[in-house]
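1. The following block contains a protein sequence and its predicted model.
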Amino acid sequence: MRNYNVHEAVKLLDKYYITDSIQMVTRWLRERKIAGVPSSNRKNGWIITEEELFAFIEEKRPGLPQIMSVYEEYIKNLTIEKNEEWRDKYTNEEAIHQVDCKKKEKDDGQHYNSDLAEQNQSLEGMVQQLLEEHSLLNQSMVEVITQNQDLIEENKTLIELFEIMDKELKELKSTKEKTNQKEDKNTNKKKTDVKGKDKRNIKLEMPYKSFCAIANEGSEQSNKKIEKSKLDSIIKEVYGLLCENEKIKGELVNESGFISCPFSNKPFKQPKRFIKHAVQRFIERHEKGVQVTLEMLS
């Protein structure tokens, strides 16, 4: 593996369509874009290994060293084939006969010069053909390099687009999970509220028979002597004011679940205490001649 100085490196980089500037190559060496070692010889400047130099060429022109290698091998084989054709052409029997004739006619310098002119013309034609093929190969090589660069840029764009879409997808999944969790909490809360209302409705059930038993206890605690028939009439009236469809009326229950007495506006958590209190207040008002009507519930 050989080493290159700066001038040799510039020639090689120019061959691969990268740069023909010594100053540019020197700057790349100082910036460590090309790995090189400063030389003790100021004329050479730097020492660059073949491996490091071709690694830089591959980075700048991906695939070009391989293409050039194939091209140079093709030119080499083409030249060998042309030389073999030329040699074969003049080693057959006809060529030998022509040489013998030329020996016999060597005094005829004009004829000999004519043959040389034809050979020279033939060689010039071959050289021209090689130049044309070289030009076509150069053109094809530039097109391949351009296409390769376009594909690299397109690949970078697709990678960036994929990363953006992947990030948005993750954000959408995260948002959906949070929304589902929020909906689950709301659903559970509604279920809990419904259960709480059901329990409250169960507690507020009040059949007339149960109401009478509680009301009688309340009347006894009031220390008011009332005839049984009159007391039954009062209990029936109070039941109609407080209950409906064998349940305590919903308008008497607030959002916290407390039952408000329509005669004193006092809240109660237990229906039993509420009924006793309401019956006692109703009896007190009844004795004072206060008329109790449904308007008290408004």
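-> Alright, I've got the coordinates.

2. residue boundaries of the helices in the stretch 51-200 of the chain?
-> Residue ranges of the helices in the stretch 51-200 of the chain, as given by DSSP state H, counting those that start in this stretch, are 64-89, 93-104, 109-203.

3. which of those helices has the lowest average pLDDT?
-> Comparing the helices of the stretch 51-200 of the chain by mean pLDDT, the weakest confidence falls on helix 93-104, with a mean of 63.

4. Mind listing what's buried along stretch 13-33?
-> Of the residues in stretch 13-33, those buried under the neighbour-count criterion (16 or more other Cβ atoms under 10 Å) are 13, 16-18, 25-26, 28-29. (C-beta placed from N, C-alpha, C; glycine too.)

5. Using TSV, lay out the residues you listed together with distance to residue 52.
-> Below are the buried residues of stretch 13-33 laid out as TSV (distance: Cβ to Cβ, whole Å):
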residue	distance to residue 52
13	13
16	15
17	19
18	14
25	13
26	15
28	11
29	10
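
6. Next step: those restricted to helices.
-> With helices identified by DSSP state H, the entries of those that belong to them are 13, 25-26, 28-29.

7. Quick one: distance of stretch 264-273 to the chain centre.
-> Mean C-alpha position of stretch 264-273 versus that of the full chain (Cα atoms, centre = their mean, to the nearest Å) differs by 62 Å.

8. Show me what counts as buried in that stretch.
-> The neighbour-count criterion (16+ other Cβ under 10 Å) identifies 268, 271 as the buried residues of stretch 264-273.

9. Show me what it is in contact with.
-> 203-204, 206, 214, 248, 254, 257-261, 274, 277, 281 (Cβ atoms under 8 Å, 6 or more residues apart in numbering).

10. State which strand of the protein is the longest.
-> What stands out as the longest strand in the chain, according to DSSP state E, is strand 46-49.

11. What strands line up against that one, and which way round?
-> Partner strands and pairing direction for strand 46-49 (DSSP bridges) are strand 3-4 (antiparallel), strand 37-38 (antiparallel).

12. from these, which stretch is densest packed?
-> Of all the strands paired with strand 46-49, strand 3-4 has the most neighbours on average by mean count of other Cβ atoms under 10 Å, namely a mean of 18.

13. Identify all contacting residues around it.
-> When contacts are taken as Cβ under 8 Å, 6+ apart, the neighbours of strand 3-4 outside the stretch itself are 12, 47-50, 53.

14. now those residues in CSV, with neighbour count, distance to residue 186 and pLDDT?
-> Converted to CSV, these look like this (neighbours: other Cβ atoms under 10 Å; distance: Cβ to Cβ, whole Å; pLDDT from 0 to 100):
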residue, neighbour count, distance to residue 186, pLDDT
12, 16, 72, 92
47, 16, 75, 92
48, 24, 71, 93
49, 15, 70, 93
50, 13, 72, 91
53, 21, 69, 92
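
15. Can you give me the domain boundaries for the chain?
-> Taking automatic domain parsing as the domain assignment, the ranges for the chain are 3-60, 65-174, 208-297.

16. closest one to residue 182 among those domains?
-> Checking the domains of the chain against residue 182 by Cβ to Cβ gives domain 65-174 as the closest, at 12.8 Å.

17. for the closest one, how far is the first residue from the last?
-> Taking Cα to Cα, to the nearest Å, the span from the opening residue of domain 65-174 to its closing residue is 48 Å.

18. again with stretch 260-272
-> Taking Cα to Cα, the first and last residues of stretch 260-272 lie 13 Å apart.

19. starting at the chain centroid, how far to it?
-> Shown here is stretch 260-272, whose average C-alpha point lies 62 Å from the average C-alpha point of the whole chain (Cα atoms, centre = their mean).

20. Same question for stretch 258-278.
-> Its chain's C-alpha centre and that of stretch 258-278 lie 63 Å apart, by Cα atoms, centre = their mean.

21. One more: stretch 212-221?
-> Computed by Cα atoms, centre = their mean, the separation of stretch 212-221 from the middle of its chain amounts to 74 Å.

22. Only the buried residues of that stretch, if you could.
-> The neighbour-count criterion (16+ other Cβ under 10 Å) identifies 212, 214-216, 218-219 as the buried residues of stretch 212-221.

23. what about dumping the CA coordinates of that stretch to CSV?
-> Extracted in CSV, the C-alpha atoms of stretch 212-221 (Å, rounded to 0.1, in the frame of the first residue of the first chain):
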residue,chain,number,x,y,z
CYS,A,212,-97.5,4.9,61.2
ALA,A,213,-95.3,3.0,63.6
ILE,A,214,-92.6,5.7,63.6
ALA,A,215,-95.3,8.5,63.9
ASN,A,216,-96.8,6.8,66.9
GLU,A,217,-93.4,6.8,68.6
GLY,A,218,-93.0,10.5,67.8
SER,A,219,-96.4,11.4,69.2
GLU,A,220,-95.7,9.5,72.4
GLN,A,221,-92.4,11.5,72.8
